[in-house]
Each structure stands twice: as C-alpha cells, then as structure tokens.
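In: everything below, folded, please.
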Amino acid sequence: MKEYKYTVFFEPAEEGGYIVHVPALPEICTEGDTLAEARAMAEDAIRLVVESNIERGEPIPEDVVIPEEPVKEQIAVRFAA
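Out: Numbers count the residues shown, from 1 in each chain. The predicted structure follows:
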C-alpha cells in the first residue's frame, strides 16, 4: 500500500470551525466544525484527489515543502484624516 503525505493548514474561520488549505493540492476546498473534523475532511479530500489522479493516469503531486513556520502578525496602516 502506497502512502502520500501532504502539508495541511487549518485556518480558524470567523464563524467557527476551520478552513482547510493544502498547498500541493489547491483544488481542495473543505472545512470542519472542529479541528478533528477538519483533519478528517482533509484526509478524505486528499484521498479523493489522489485517487482521481491515479484513475485518470495523471501524476500525483508532491508535497510543497514549506521551509519555515508561517508568520502571523498584525500590521497597522495609518491614513491622514
């Protein structure tokens, strides 16, 4: 059995839950009400994309290596009144 691993980002959604991003598979658009649900949804979505590529004889995308941790910060922008 072949195993594929992909980097996945879970972005907190304004209305609650998490939005899933998979840089190597930009066609994935899913979310979950909890982090556990979002992980399960990500796994299902990745499986569907990879299976679809295999069935169509298309290459399986490799994971996108992200060398550093994402940076989160707020930037203030001021305007003259």
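In: and the end-to-end length of stretch 10-17?
Out: 9 Å (CA to CA, to the nearest Å).
In: pLDDT of that stretch, averaged?
Out: Averaging pLDDT along stretch 10-17 gives 94.
In: residues contacting that stretch, please?
Out: Around stretch 10-17, the neighbours that count as contacts under CB atoms under 8 Å, 6 or more residues apart in numbering are 18-21, 31-35, 37-39, 42. Backbone N, C-alpha and C define where each C-beta goes, glycine included.
In: list phi and psi for the residue most central in space within the chain.
Out: Centroid-nearest residue in the chain, with CA atoms, centre = their mean: His21, separated by 2.0 Å. With angles defined as degrees, to the nearest 10, His21 sits at phi -130, psi 130.
In: just the ones of the contacts of stretch 10-17 in strands?
Out: Among the contacts of stretch 10-17, the ones falling in strands (DSSP state E) are 18-21, 31-32.
In: can I get the residues you listed in TSV with distance to Tyr6?
Out: Formatted as TSV, those follow (distance: CB to CB, whole Å):
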residue	distance to Tyr6
Tyr18	16
Ile19	16
Val20	11
His21	11
Glu31	17
Gly32	16
